[in-house]
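> compute the structure for the input listed below.
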Amino acid sequence: MRVVLVALSLLLAVACAHSPADKPSALVAEALINPAADYPQSHASSIAQTTDGDIVATWFSGLHERHPQVAIYFARQQEGKWQSAQQVATGQQADGSWLPTWNPVLFQPPQSDLHLFYKVGPNPREWWGMVMTSADGGITWSEPRRLPEGILGPIKNKPVVTGMGAWLSPSSTEGAEGWRLHFEISKDQGASWTKTSPVDPGPGIDAIQPSVLFYPDGRLQALARTKQGVIGSSWSVDRGKSWSPVAAIELPNPSSGTDAVTLADGRQLLVYNHAAHNPDTPGKGPRYPLALATSRDGVHWQRVLTLEDQPLKEGYGYPAIIQTEDDLVHITYTLGRERIKHMVVDPHKF
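Numbering: from 1, shown residues only. This is a model prediction of the structure:
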């Protein structure tokens, strides 16, 4: 009997190792992007599918975050393999000086040019928004242009197109008043922008880097990174013009970026670090494990898949997520601050 119990315990341990879902069963593919690059650090990736069906990604790389010569890189996947990345933007100024670049975000509007938004500036309190466009899926790019005064563009996660065709860009600030969400709206395909008021922080929740989800009744939900150990949530009933005070959903957040997407089957899918704060670092926690959670109502969430769970000093951070035309889900994220990793999963397996 003792042998049987030991055997059952071992089987249970193996099953729990992939808890709450077995990664190999849902995993379709995984690869590093630009693994042989000569830059030491990479961070803050974004992924998109072009109108031609290609998968493309962007991120910033250089000596380290905040270094003046950190640059924006872009890569394309062809026949299932990532091609060598190209540097597409820097923070070099007209006078020859250099400033860091930050948080590039790809956006592919329907029947329009691919957009690449990014930030330039000495820090997140003083940066400004930039944008480039490509009519050929990222093979060539327009000259970068600065967004209008006060418009930052998407801070980390992709814009969305609302039911009335407007572009809704999820944004935020990190000023003296704390972390605050806001949203930027364009009704003319990016030619001009308006900005919402800062979202009420609710019971003192400092939130940044929102992503936007859709519901059948027309409501929108924003999910965001916070300092308070929770994932922040806000709702809009007027296509993003105004938003409810920030509240918390039931999943943890170690002050690390998240991203989310509304799947074709109506489920909401969130990629995030399922970790709480460390006692010795209040306001921060480990960026592992990296997990997926689903919800139908935006309130009740179920953790369905663990993508990475091995302890890693710099963790698995700043994920980006999309669903492509074949219904597969593509995720990119920072691997130990050194490289960008790409995973493809089948959402029908969880």
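> switch to C-alpha atoms for all contacts and neighbour counts from now on
Will do.
> is residue 287 in a helix, a strand, or coil?
Under DSSP: H, G, I helix; E, B strand; the rest coil, residue 287 falls in the coil class.
> would you mind measuring from the nearest residue to residue 165 once chain neighbours are set aside to residue 247?
The shortest distance from residue 165 to any non-neighbouring residue, by C-alpha to C-alpha, 6 or more residues apart in numbering, is to residue 187 (7.2 Å). Relative to residue 247, residue 187 is positioned 29 Å away (criterion: C-alpha to C-alpha, to the nearest Å).
> the stretch 101-250 of the chain: strands as residue ranges?
Using DSSP state E, counting those that start in this stretch, the strands of the stretch 101-250 of the chain run over 101-107, 114-120, 128-134, 145-146, 160-161, 167-175, 178-186, 194-195, 207-214, 220-226, 230-236, 247-252.
> mean neighbour count and mean pLDDT added to the ones you listed, as TSV?
Compiled in TSV, the strands of the stretch 101-250 of the chain are given as follows (neighbours: other C-alpha atoms under 10 Å; pLDDT from 0 to 100):
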stretch	mean neighbour count	mean pLDDT
strand 101-107	28	98
strand 114-120	26	98
strand 128-134	21	98
strand 145-146	14	98
strand 160-161	20	98
strand 167-175	22	97
strand 178-186	22	98
strand 194-195	16	98
strand 207-214	26	98
strand 220-226	26	98
strand 230-236	24	98
strand 247-252	18	97
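> dump those strands into CSV; add distance to residue 272 as well.
Output for those, formatted as CSV (distance: least, C-alpha to C-alpha, whole Å):
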stretch, distance to residue 272
strand 101-107, 17
strand 114-120, 22
strand 128-134, 25
strand 145-146, 31
strand 160-161, 19
strand 167-175, 17
strand 178-186, 18
strand 194-195, 27
strand 207-214, 12
strand 220-226, 9
strand 230-236, 9
strand 247-252, 9
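> figure out which of those is closest to residue 330.
Closest approach to residue 330 among these (C-alpha to C-alpha): strand 101-107, 13.6 Å.
> which helices and strands does the closest one pack with?
With contacts defined as 3 or more C-alpha pairs under 8 Å, 6 or more residues apart in numbering; DSSP states H and E, strand 101-107 has these neighbours: strand 41-49, strand 55-62, strand 71-78, strand 114-120.
> stretch 50-60 - what's its average pLDDT?
Per-residue pLDDT over stretch 50-60 has a mean of 97.
> starting at the chain centroid, how far to that stretch?
In this view, stretch 50-60 has its centroid 14 Å away from the chain centroid, taken as C-alpha atoms, centre = their mean, to the nearest Å.
> who's in contact with it?
For stretch 50-60, contacts defined as C-alpha atoms under 8 Å, 6 or more residues apart in numbering pick out 42-49, 70-78, 101-106, 108, 110-111, 114, 137-138, 325, 340.
> PyMOL command to pick out the buried ones of these?
Buried residues among those (16 or more other C-alpha atoms under 10 Å), as a PyMOL selection:
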select buried, resi 42+43+44+45+46+47+48+49+70+71+72+73+74+75+76+101+102+103+104+105+106+108+114+137+138+340
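> returning to that earlier point: need the helices and strands packed on strand 101-107 in CSV (columns: distance to residue 302).
Listed next are the helices and strands packed on strand 101-107 as CSV, based on distance: least, C-alpha to C-alpha, whole Å:
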stretch, distance to residue 302
strand 41-49, 24
strand 55-62, 28
strand 71-78, 31
strand 114-120, 32
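> so which of those gets nearest residue 262?
strand 41-49 (14.6 Å).
> the closest one packs against which elements?
On a contact count with 3+ C-alpha pairs under 8 Å, 6+ apart, strand 41-49 meets strand 55-62, strand 101-107, strand 316-323, strand 329-335, strand 339-345.
> spit out the contact partners of the residue nearest to residue 165.
Contacts of residue 187 were listed using C-alpha under 8 Å, 6+ apart, and they are 165-167, 193.
> phi, psi for residue 347 please.
Torsion angles at residue 347 (phi, psi; degrees, to the nearest 10) stand at phi -70, psi -10.
> what's the neighbour count on it?
19 (other C-alpha atoms under 10 Å).
> let's number from 64 now, not from 1
OK, 64 is where the count begins now, so the last one is residue 410.
> picking that back up, make JSON lines out of the helices and strands packed on strand 104-112 and add distance to residue 340.
What follows is these, written out as JSON lines (distance: least, C-alpha to C-alpha, whole Å):
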{"stretch": "strand 118-125", "distance to residue 340": "26"}
{"stretch": "strand 164-170", "distance to residue 340": "24"}
{"stretch": "strand 379-386", "distance to residue 340": "15"}
{"stretch": "strand 392-398", "distance to residue 340": "20"}
{"stretch": "strand 402-408", "distance to residue 340": "24"}
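> buried ones in stretch 399-411?
For stretch 399-411, a neighbour-count test (16+ other C-alpha under 10 Å) marks 399-410 as buried.
> nearest to residue 326, of those?
For the buried residues of stretch 399-411, the closest approach to residue 326 (C-alpha to C-alpha) belongs to residue 410, at 8.6 Å.
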